[in-house]
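Engineer: Dropping the sequence and predicted coords here.
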Amino acid sequence: MSDIPFVPLPAGTATCTVHPLVNATMTDYEHVTLSPSPATQPGKPCAYLEPTFTFYIVHQPSGKRLLFDLGIRWDWKTAFPEDAAREFGEFYGAKVVKDVAELLRDGGVDPERLDYILFSHEHWDHTGFISSLPNAGLVGGRATFSDDLQDQMDAAGRKPTIIDFEKDGQPMGAYERAVDFLGDGSLWLCHTPGHTKDHMSALVRTTSEPASYVLLGGDVAHHPCLLCTLSSHSHYSLVPTYRNPLLPSSAPEEQAHYSPALARDSIGRTKRMEREGNVMCVVAHEFGVGEVETGRCQKGEGDERGDVAW
(Lines give C-alpha, C1' and ligand atoms only; values in the text may rest on other atoms or scores of the structure.)
Protein backbone atom coordinates (compact mmCIF):
# COMPACT_ATOMS: atom_id res chain seq x y z
CA MET A 1 0.00 0.00 0.00
CA SER A 2 2.84 2.41 0.81
CA ASP A 3 4.41 1.97 -2.65
CA ILE A 4 1.30 3.08 -4.55
CA PRO A 5 2.02 6.42 -6.29
CA PHE A 6 -0.18 9.23 -4.99
CA VAL A 7 -1.11 12.32 -6.98
CA PRO A 8 -2.18 15.17 -4.65
CA LEU A 9 -5.92 15.79 -4.73
CA PRO A 10 -6.60 18.95 -6.75
CA ALA A 11 -7.62 22.09 -4.91
CA GLY A 12 -10.75 24.00 -5.82
CA THR A 13 -13.75 25.87 -4.47
CA ALA A 14 -16.58 23.86 -6.07
CA THR A 15 -18.23 21.30 -3.76
CA CYS A 16 -21.14 18.88 -3.62
CA THR A 17 -23.36 17.61 -0.84
CA VAL A 18 -23.79 13.85 -0.52
CA HIS A 19 -26.91 12.34 1.03
CA PRO A 20 -27.00 8.59 1.77
CA LEU A 21 -30.24 6.75 1.06
CA VAL A 22 -31.09 3.08 1.54
CA ASN A 23 -33.87 1.72 -0.64
CA ALA A 24 -33.32 -1.95 0.30
CA THR A 25 -31.48 -4.34 2.57
CA MET A 26 -29.78 -7.68 1.97
CA THR A 27 -28.16 -10.47 3.94
CA ASP A 28 -24.52 -11.24 3.19
CA TYR A 29 -22.05 -13.75 4.55
CA GLU A 30 -18.49 -13.39 5.72
CA HIS A 31 -17.43 -16.59 3.94
CA VAL A 32 -18.47 -14.83 0.70
CA THR A 33 -16.90 -11.42 1.39
CA LEU A 34 -13.97 -11.84 3.79
CA SER A 35 -11.08 -14.23 4.33
CA PRO A 36 -10.41 -15.42 6.94
CA SER A 37 -13.92 -15.17 8.36
CA PRO A 38 -13.92 -13.78 11.92
CA ALA A 39 -16.94 -15.99 12.74
CA THR A 40 -16.74 -17.28 16.30
CA GLN A 41 -18.21 -20.69 15.40
CA PRO A 42 -15.94 -22.59 12.98
CA GLY A 43 -17.78 -24.05 10.01
CA LYS A 44 -20.94 -21.99 10.58
CA PRO A 45 -21.43 -19.12 8.09
CA CYS A 46 -21.65 -15.72 9.73
CA ALA A 47 -24.52 -13.72 8.21
CA TYR A 48 -25.06 -9.98 8.57
CA LEU A 49 -27.67 -7.47 7.42
CA GLU A 50 -26.42 -4.81 5.05
CA PRO A 51 -27.85 -1.78 3.23
CA THR A 52 -27.91 -1.13 -0.49
CA PHE A 53 -26.82 2.47 -0.71
CA THR A 54 -27.90 5.08 -3.21
CA PHE A 55 -26.21 8.46 -2.86
CA TYR A 56 -28.03 11.66 -3.78
CA ILE A 57 -25.48 14.29 -4.82
CA VAL A 58 -26.14 18.00 -5.32
CA HIS A 59 -23.52 20.04 -7.15
CA GLN A 60 -23.52 23.33 -5.27
CA PRO A 61 -22.33 25.74 -7.97
CA SER A 62 -24.89 24.61 -10.58
CA GLY A 63 -27.61 22.85 -8.59
CA LYS A 64 -27.25 19.74 -10.75
CA ARG A 65 -28.66 16.62 -9.12
CA LEU A 66 -27.11 13.20 -9.43
CA LEU A 67 -27.46 9.72 -8.01
CA PHE A 68 -24.61 7.29 -7.51
CA ASP A 69 -26.06 3.80 -7.92
CA LEU A 70 -29.76 2.97 -7.78
CA GLY A 71 -30.21 0.13 -5.30
CA ILE A 72 -32.59 -2.77 -6.00
CA ARG A 73 -35.54 -2.41 -8.34
CA TRP A 74 -38.88 -2.61 -6.53
CA ASP A 75 -40.21 -5.38 -8.82
CA TRP A 76 -37.18 -7.68 -8.53
CA LYS A 77 -39.32 -10.71 -7.65
CA THR A 78 -40.92 -10.74 -11.11
CA ALA A 79 -38.44 -8.74 -13.21
CA PHE A 80 -35.61 -11.29 -13.10
CA PRO A 81 -35.54 -14.93 -14.25
CA GLU A 82 -37.02 -17.33 -11.73
CA ASP A 83 -33.70 -18.90 -10.68
CA ALA A 84 -32.08 -15.50 -10.16
CA ALA A 85 -35.03 -14.14 -8.18
CA ARG A 86 -34.95 -17.25 -5.97
CA GLU A 87 -31.27 -16.65 -5.20
CA PHE A 88 -31.87 -12.95 -4.50
CA GLY A 89 -34.67 -13.83 -2.09
CA GLU A 90 -33.49 -17.02 -0.39
CA PHE A 91 -29.73 -16.54 -0.32
CA TYR A 92 -29.46 -12.75 -0.12
CA GLY A 93 -32.77 -12.03 1.60
CA ALA A 94 -33.46 -8.95 -0.52
CA LYS A 95 -36.07 -6.58 0.93
CA VAL A 96 -37.01 -3.35 -0.78
CA VAL A 97 -38.06 -0.47 1.47
CA LYS A 98 -39.08 1.95 -1.30
CA ASP A 99 -38.19 2.73 -4.86
CA VAL A 100 -35.50 5.42 -5.01
CA ALA A 101 -37.87 7.79 -6.81
CA GLU A 102 -40.27 7.51 -3.87
CA LEU A 103 -37.50 8.29 -1.41
CA LEU A 104 -36.65 11.39 -3.38
CA ARG A 105 -40.27 12.53 -3.44
CA ASP A 106 -40.50 11.97 0.31
CA GLY A 107 -37.62 14.42 0.66
CA GLY A 108 -39.11 17.05 -1.62
CA VAL A 109 -37.01 16.17 -4.66
CA ASP A 110 -38.73 15.79 -8.03
CA PRO A 111 -37.39 12.56 -9.64
CA GLU A 112 -38.06 14.00 -13.09
CA ARG A 113 -35.56 16.81 -12.42
CA LEU A 114 -32.64 14.49 -11.79
CA ASP A 115 -29.73 15.20 -14.15
CA TYR A 116 -27.61 12.03 -13.99
CA ILE A 117 -27.48 8.51 -12.59
CA LEU A 118 -23.90 7.28 -12.14
CA PHE A 119 -23.66 3.48 -12.03
CA SER A 120 -20.71 1.88 -10.25
CA HIS A 121 -21.38 -1.33 -12.19
CA GLU A 122 -24.05 -3.51 -13.75
CA HIS A 123 -25.11 -5.86 -10.93
CA TRP A 124 -28.78 -6.26 -9.96
CA ASP A 125 -28.48 -4.60 -6.54
CA HIS A 126 -27.10 -1.37 -8.03
CA THR A 127 -29.09 -0.74 -11.21
CA GLY A 128 -32.54 -0.15 -9.71
CA PHE A 129 -35.53 0.89 -11.81
CA ILE A 130 -34.56 3.59 -14.30
CA SER A 131 -38.08 4.28 -15.64
CA SER A 132 -39.04 6.09 -12.44
CA LEU A 133 -36.25 8.60 -13.24
CA PRO A 134 -37.12 9.29 -16.88
CA ASN A 135 -35.02 12.36 -17.65
CA ALA A 136 -31.71 11.45 -16.02
CA GLY A 137 -28.66 10.73 -18.13
CA LEU A 138 -27.26 7.24 -17.55
CA VAL A 139 -23.51 7.23 -16.95
CA GLY A 140 -21.02 4.40 -16.46
CA GLY A 141 -18.04 2.49 -17.77
CA ARG A 142 -18.04 0.74 -21.14
CA ALA A 143 -18.91 -2.71 -19.73
CA THR A 144 -21.56 -1.39 -17.32
CA PHE A 145 -24.51 -1.26 -19.68
CA SER A 146 -25.40 -4.91 -19.93
CA ASP A 147 -27.69 -7.47 -18.31
CA ASP A 148 -30.86 -6.05 -16.72
CA LEU A 149 -29.69 -2.46 -17.19
CA GLN A 150 -29.38 -2.98 -20.94
CA ASP A 151 -32.85 -4.56 -21.01
CA GLN A 152 -34.29 -1.57 -19.16
CA MET A 153 -32.63 0.88 -21.56
CA ASP A 154 -33.86 -1.01 -24.61
CA ALA A 155 -37.42 -1.01 -23.26
CA ALA A 156 -37.29 2.73 -22.54
CA GLY A 157 -35.37 3.72 -25.67
CA ARG A 158 -32.58 5.35 -23.65
CA LYS A 159 -28.89 5.57 -24.49
CA PRO A 160 -26.04 5.85 -21.97
CA THR A 161 -23.06 8.16 -21.66
CA ILE A 162 -19.93 5.98 -21.64
CA ILE A 163 -16.96 6.93 -19.47
CA ASP A 164 -13.86 5.81 -21.39
CA PHE A 165 -11.21 5.54 -18.70
CA GLU A 166 -8.56 4.31 -21.16
CA LYS A 167 -8.99 7.38 -23.37
CA ASP A 168 -9.97 10.13 -20.95
CA GLY A 169 -8.67 9.01 -17.56
CA GLN A 170 -5.79 10.67 -15.74
CA PRO A 171 -3.95 9.88 -12.49
CA MET A 172 -5.67 11.25 -9.40
CA GLY A 173 -4.94 10.33 -5.80
CA ALA A 174 -4.06 6.64 -5.67
CA TYR A 175 -5.89 5.82 -8.90
CA GLU A 176 -4.31 5.44 -12.30
CA ARG A 177 -7.38 6.63 -14.20
CA ALA A 178 -10.03 9.12 -13.14
CA VAL A 179 -12.33 11.53 -14.98
CA ASP A 180 -13.31 14.99 -13.73
CA PHE A 181 -17.00 14.53 -14.49
CA LEU A 182 -18.28 18.05 -13.78
CA GLY A 183 -15.11 19.82 -14.90
CA ASP A 184 -14.35 21.64 -11.64
CA GLY A 185 -12.74 18.94 -9.47
CA SER A 186 -15.80 18.42 -7.27
CA LEU A 187 -16.73 14.96 -8.61
CA TRP A 188 -14.19 12.49 -9.96
CA LEU A 189 -15.18 9.14 -11.44
CA CYS A 190 -12.40 6.69 -10.61
CA HIS A 191 -11.69 3.44 -12.44
CA THR A 192 -11.66 0.66 -9.83
CA PRO A 193 -11.92 -2.55 -11.89
CA GLY A 194 -11.87 -6.05 -10.52
CA HIS A 195 -15.29 -6.84 -9.12
CA THR A 196 -16.48 -6.12 -12.66
CA LYS A 197 -14.53 -5.11 -15.75
CA ASP A 198 -15.36 -1.41 -15.63
CA HIS A 199 -16.38 -0.85 -12.01
CA MET A 200 -16.02 2.78 -10.96
CA SER A 201 -16.03 4.71 -7.71
CA ALA A 202 -16.71 8.43 -7.15
CA LEU A 203 -14.61 10.92 -5.20
CA VAL A 204 -16.75 13.88 -4.11
CA ARG A 205 -15.36 17.07 -2.60
CA THR A 206 -17.72 18.15 0.16
CA THR A 207 -15.81 21.13 1.62
CA SER A 208 -13.16 23.38 0.07
CA GLU A 209 -11.30 25.13 2.91
CA PRO A 210 -10.01 22.87 4.22
CA ALA A 211 -10.81 20.34 1.51
CA SER A 212 -12.59 17.14 2.52
CA TYR A 213 -13.91 14.28 0.42
CA VAL A 214 -16.33 11.36 0.47
CA LEU A 215 -15.22 8.40 -1.63
CA LEU A 216 -18.23 6.38 -2.80
CA GLY A 217 -16.72 2.96 -3.30
CA GLY A 218 -19.58 0.93 -4.77
CA ASP A 219 -18.54 -2.73 -4.67
CA VAL A 220 -14.82 -2.06 -4.78
CA ALA A 221 -14.92 -4.00 -1.48
CA HIS A 222 -17.81 -5.99 -0.03
CA HIS A 223 -16.73 -5.74 3.60
CA PRO A 224 -15.39 -2.61 5.36
CA CYS A 225 -12.59 -4.63 7.00
CA LEU A 226 -10.95 -4.88 3.58
CA LEU A 227 -10.43 -1.10 3.54
CA CYS A 228 -9.57 -0.64 7.20
CA THR A 229 -6.10 0.89 7.65
CA LEU A 230 -5.55 -0.61 11.12
CA SER A 231 -2.69 -3.11 11.21
CA SER A 232 -4.94 -5.53 13.11
CA HIS A 233 -7.07 -5.85 9.96
CA SER A 234 -4.21 -6.16 7.48
CA HIS A 235 -4.54 -9.96 7.23
CA TYR A 236 -8.03 -9.83 5.71
CA SER A 237 -8.46 -10.39 1.98
CA LEU A 238 -11.29 -10.80 -0.50
CA VAL A 239 -12.85 -14.17 -1.27
CA PRO A 240 -12.34 -15.03 -4.99
CA THR A 241 -14.91 -17.88 -5.13
CA TYR A 242 -17.71 -19.15 -2.92
CA ARG A 243 -20.23 -21.96 -2.73
CA ASN A 244 -23.91 -21.18 -3.22
CA PRO A 245 -25.92 -23.25 -0.71
CA LEU A 246 -28.96 -23.19 -3.02
CA LEU A 247 -27.09 -25.34 -5.56
CA PRO A 248 -26.17 -29.04 -5.27
CA SER A 249 -22.93 -29.73 -3.38
CA SER A 250 -21.48 -31.08 -6.64
CA ALA A 251 -21.92 -27.68 -8.35
CA PRO A 252 -18.72 -25.71 -8.95
CA GLU A 253 -17.94 -22.71 -6.79
CA GLU A 254 -19.11 -19.36 -8.13
CA GLN A 255 -16.76 -16.56 -9.16
CA ALA A 256 -17.13 -13.55 -6.88
CA HIS A 257 -15.15 -11.13 -9.08
CA TYR A 258 -14.39 -10.53 -12.75
CA SER A 259 -10.68 -10.45 -11.87
CA PRO A 260 -9.54 -11.14 -8.29
CA ALA A 261 -6.10 -9.68 -9.11
CA LEU A 262 -7.59 -6.39 -10.34
CA ALA A 263 -10.00 -6.38 -7.40
CA ARG A 264 -7.10 -6.66 -4.95
CA ASP A 265 -5.29 -3.83 -6.73
CA SER A 266 -8.39 -1.58 -6.57
CA ILE A 267 -8.84 -2.43 -2.89
CA GLY A 268 -5.21 -1.48 -2.23
CA ARG A 269 -5.61 1.84 -4.03
CA THR A 270 -8.87 2.62 -2.23
CA LYS A 271 -7.26 1.70 1.07
CA ARG A 272 -4.48 4.16 0.22
CA MET A 273 -7.14 6.85 -0.31
CA GLU A 274 -8.68 5.97 3.05
CA ARG A 275 -5.32 6.73 4.70
CA GLU A 276 -5.73 10.39 3.79
CA GLY A 277 -7.05 12.29 6.79
CA ASN A 278 -9.58 14.22 4.69
CA VAL A 279 -11.05 11.26 2.74
CA MET A 280 -13.90 9.08 4.07
CA CYS A 281 -14.70 5.96 2.05
CA VAL A 282 -18.19 4.45 2.13
CA VAL A 283 -18.86 1.25 0.18
CA ALA A 284 -22.26 0.31 -1.19
CA HIS A 285 -23.05 -2.26 1.51
CA GLU A 286 -21.26 -0.71 4.48
CA PHE A 287 -23.49 -1.99 7.27
CA GLY A 288 -22.13 0.30 10.02
CA VAL A 289 -23.16 3.44 8.12
CA GLY A 290 -26.43 1.94 6.89
CA GLU A 291 -27.90 2.11 10.38
CA VAL A 292 -28.20 5.90 10.21
CA GLU A 293 -30.34 6.32 7.11
CA THR A 294 -32.35 3.22 6.25
CA GLY A 295 -35.16 4.17 3.88
CA ARG A 296 -35.05 7.87 4.64
CA CYS A 297 -34.78 11.09 2.65
CA GLN A 298 -36.11 13.87 4.81
CA LYS A 299 -36.26 17.41 3.57
CA GLY A 300 -33.89 19.80 5.31
CA GLU A 301 -34.80 23.36 6.15
CA GLY A 302 -34.55 25.63 3.11
CA ASP A 303 -33.39 23.05 0.57
CA GLU A 304 -34.02 19.63 -0.94
CA ARG A 305 -31.70 17.38 0.99
CA GLY A 306 -31.78 14.56 3.45
CA ASP A 307 -31.22 15.12 7.15
CA VAL A 308 -27.94 13.17 7.03
CA ALA A 309 -25.42 14.71 4.62
CA TRP A 310 -21.71 15.15 4.05
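Structural biologist: Structure's in. What do you need? Numbers count the residues shown, from 1 in each chain.
Engineer: residue with max distance from the center of the protein?
Structural biologist: For the chain, the largest distance from the centre (Cα atoms, centre = their mean) belongs to Ser250, which lies 32.8 Å off.
Engineer: And stretch 8-17, what's buried?
Structural biologist: Using 16 or more other Cβ atoms under 10 Å as the burial criterion, the residues of stretch 8-17 that qualify are Leu9, Ala14, Thr15, Cys16, Thr17. For the C-beta atoms, the positions are set from N, CA and C on the backbone; glycine is no exception.
Engineer: Backbone dihedrals for Phe91, please?
Structural biologist: phi -90, psi -50 (degrees, to the nearest 10).
Engineer: May I have the residues that are in contact with it?
Structural biologist: Applying Cβ atoms under 8 Å, 6 or more residues apart in numbering, we find Phe91 in contact with Thr27, Asn244, Pro245, Leu246.
Engineer: quick one: low-confidence ranges for the chain?
Structural biologist: Filtered on pLDDT under 70, the chain yields the residue ranges 1-2, 39-45, 289-309.
Engineer: Okay, helices next: where are they in it?
Structural biologist: Along the chain, counting by DSSP state H, helices occupy 30-33, 76-79, 82-86, 100-106, 124-127, 147-156, 165-168, 260-274, 287-290.
Engineer: mind putting the ones you listed in JSON lines, distance to Asp3 included?
Structural biologist: Output for these, formatted as JSON lines (distance: least, Cβ to Cβ, whole Å):
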{"stretch": "helix 30-33", "distance to Asp3": "26"}
{"stretch": "helix 76-79", "distance to Asp3": "42"}
{"stretch": "helix 82-86", "distance to Asp3": "41"}
{"stretch": "helix 100-106", "distance to Asp3": "40"}
{"stretch": "helix 124-127", "distance to Asp3": "31"}
{"stretch": "helix 147-156", "distance to Asp3": "36"}
{"stretch": "helix 165-168", "distance to Asp3": "22"}
{"stretch": "helix 260-274", "distance to Asp3": "10"}
{"stretch": "helix 287-290", "distance to Asp3": "29"}
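Engineer: For Ser208, find the nearest of the ones you listed.
Structural biologist: For Ser208, the closest of the helices of the chain is helix 260-274, at 18.5 Å, according to Cβ to Cβ.
Engineer: Distance-wise, check the residue nearest to Tyr236 when sequence neighbours are not counted relative to Met200.
Structural biologist: Once flanking residues are discounted, Tyr236 sits nearest to Cys225: 4.8 Å by Cβ to Cβ, 6 or more residues apart in numbering. Separation of Cys225 from Met200 (Cβ to Cβ, to the nearest Å): 22 Å.
Engineer: Likewise for His31?
Structural biologist: Going from His31 to Met200 by Cβ to Cβ gives 27 Å.
Engineer: the more surrounded of these two?
Structural biologist: Comparing His31 with Met200 by other Cβ atoms under 10 Å, the one with more neighbours is Met200, at 32 against 18.
Engineer: these two touch, right, that one and Gly141?
Structural biologist: Yes: between Met200 and Gly141 a contact is recorded at 5.4 Å, counting by Cβ atoms under 8 Å.
Engineer: Overlap of the contact sets of the two?
Structural biologist: With Cβ under 8 Å, 6+ apart as the test, Met200 and Gly141 both reach His121, Ile163, Phe165, His191.
Engineer: what residues are up against the first one?
Structural biologist: I take that to be His121. Gly140, Gly141, Thr144, His195, Thr196, Asp198, His199, Met200, Gly218, Asp219.
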